[in-house]
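S.K.: 3D model of this:
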Amino acid sequence: MKPILVMALAEIQEGIRNRWVIASILLLLVLAASLTLLGSTPVGITKASLLSVTMVSLTSLSIYLIPLIALMLAFDAIVGESERGTLLLLLTYPIRRWQIIIGKFLGHLSILAIAIFLGYGLVALYFVFDDVGTAQEWLGYLLMMGSSLLLGAVFIALGYLVSVIVQQRATATGISLVLWLFIVVFYDLILLGALLADKSHIIQSKLLAVLILFNPADVYRLFNLTGSDISALASGMSGITQSDLLSPVTLIMTLIIWLLIPLMLSIYIFQKREV
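M.R.: Presented below is the predicted three-dimensional model:
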């Protein structure tokens, strides 16, 4: 356990010194604050509280920004160490390869948690002082923060998988960018195009639900925007998840599976990799 904690602490210290990480945390904070200040505009139309409207806005922000920050943290976790020549030195210490992966993962996850809880936590304090929101809305907000961290963990694991497969840092950068674009942007465009082109109605509701589960960003979006009647009302997505395949429990379990599979694959490939 101690090697894992030492590795995690080293990653946290390195991340704090990284100006890009600090810039990402500040960007998340600024955007979250901006969305909060601008979020009161549609309240009179949707009859939802400012807290619910802001949670919907922050969910949309998280879908794009948190995966990008997570991949930026993780894409060179192994290949970067290898290029700098520090990986071979690291392996001379009494630490196993799986401990390196888990330690780095916990360190990067801690950095992401700091970013999320600073950005979204300060927004929450703003609403606490204004005495805004019901208990159900606050539960939804806390679940949004927790699921945002889980979404980031998924993309950290995906970044590790890229990092243990490729041999060059530049290649890992390119693949990570393509991965982010495909999952966050292009997947939904392809799915929408398929639905529009499906004149024979081949894609039924159950098949559509399965296709949604194949995208962690969509799983996260549905979990937060349809998890309660209030959030569904604020987001305009009421009644979209009537299928059992898209229930909140199924969605959160799917995100956990999305986390475990690439993380376990990363450990397995790293164990077999020659340094």
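S.K.: how about the helices in the chain?
M.R.: Ranges of helices in the chain, per DSSP state H, are 2-17, 19-38, 43-46, 50-74, 79-84, 86-91, 97-130, 135-165, 169-181, 187-197, 205-213, 216-225, 229-235, 248-272.
S.K.: and residue 98, how many residues sit next to it?
M.R.: Counted with other CB atoms under 10 Å, the neighbours of residue 98 add up to 15. No exception for glycine: its C-beta is placed from N, CA and C like everyone else's.
S.K.: Any chance of a markdown table for the helices of the chain, columns mean pLDDT?
M.R.: Below are the helices of the chain laid out as a markdown table (pLDDT from 0 to 100):
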| stretch | mean pLDDT |
| --- | --- |
| helix 2-17 | 85 |
| helix 19-38 | 79 |
| helix 43-46 | 49 |
| helix 50-74 | 87 |
| helix 79-84 | 87 |
| helix 86-91 | 84 |
| helix 97-130 | 88 |
| helix 135-165 | 92 |
| helix 169-181 | 93 |
| helix 187-197 | 86 |
| helix 205-213 | 83 |
| helix 216-225 | 91 |
| helix 229-235 | 47 |
| helix 248-272 | 94 |
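S.K.: what residues are up against the nearest residue to residue 93 once chain neighbours are set aside?
M.R.: With sequence-adjacent residues excluded and distances taken as CB to CB, 6 or more residues apart in numbering, residue 93 is closest to residue 3, at 7.8 Å. Residue 3 makes contacts with 93-96, 99, 103, as judged by CB atoms under 8 Å, 6 or more residues apart in numbering.
S.K.: Can you say which two of these are spatially most distant?
M.R.: Greatest spacing in the contacts of residue 3, by CB to CB: 94 and 103 (13.1 Å).
S.K.: Which one's more surrounded, these two?
M.R.: Taking other CB under 10 Å, residue 94 and residue 103 do not tie; residue 103 has more neighbours (21 against 7).
S.K.: how much space between the nearest residue to that one once chain neighbours are set aside and residue 105?
M.R.: Leaving aside its sequence neighbours, residue 103 sits nearest to residue 7 (CB to CB, 6+ apart; 2.6 Å). The gap separating residue 7 from residue 105 is 9 Å, by CB to CB, to the nearest Å.
S.K.: Neighbour count for those two, which is higher?
M.R.: More crowded of residue 7 and residue 105, by other CB under 10 Å: residue 105, with 26 against 22.
S.K.: which ones are touching the residue nearest to the more buried one when sequence neighbours are not counted?
M.R.: Spatially, and ignoring its direct neighbours in sequence, residue 105 is nearest to residue 156 (6.2 Å; CB to CB, 6+ apart). Shown in contact with residue 156 (CB under 8 Å, 6+ apart): 70-71, 73-74, 105, 108-109, 112.
S.K.: out of those, who's nearest residue 222?
M.R.: Of the contacts of residue 156, the one sitting nearest to residue 222 (CB to CB) turns out to be residue 70, at 19.4 Å.
S.K.: got the contact list for the closest one?
M.R.: Residue 70 neighbours (CB under 8 Å, 6+ apart): 108, 112, 151-156, 159.
S.K.: Distance to residue 32 for those - can I get that in JSON lines?
M.R.: Formatted as JSON lines, the contacts of residue 70 follow (distance: CB to CB, whole Å):
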{"residue": "108", "distance to residue 32": "20"}
{"residue": "112", "distance to residue 32": "14"}
{"residue": "151", "distance to residue 32": "15"}
{"residue": "152", "distance to residue 32": "15"}
{"residue": "153", "distance to residue 32": "19"}
{"residue": "154", "distance to residue 32": "20"}
{"residue": "155", "distance to residue 32": "19"}
{"residue": "156", "distance to residue 32": "20"}
{"residue": "159", "distance to residue 32": "23"}
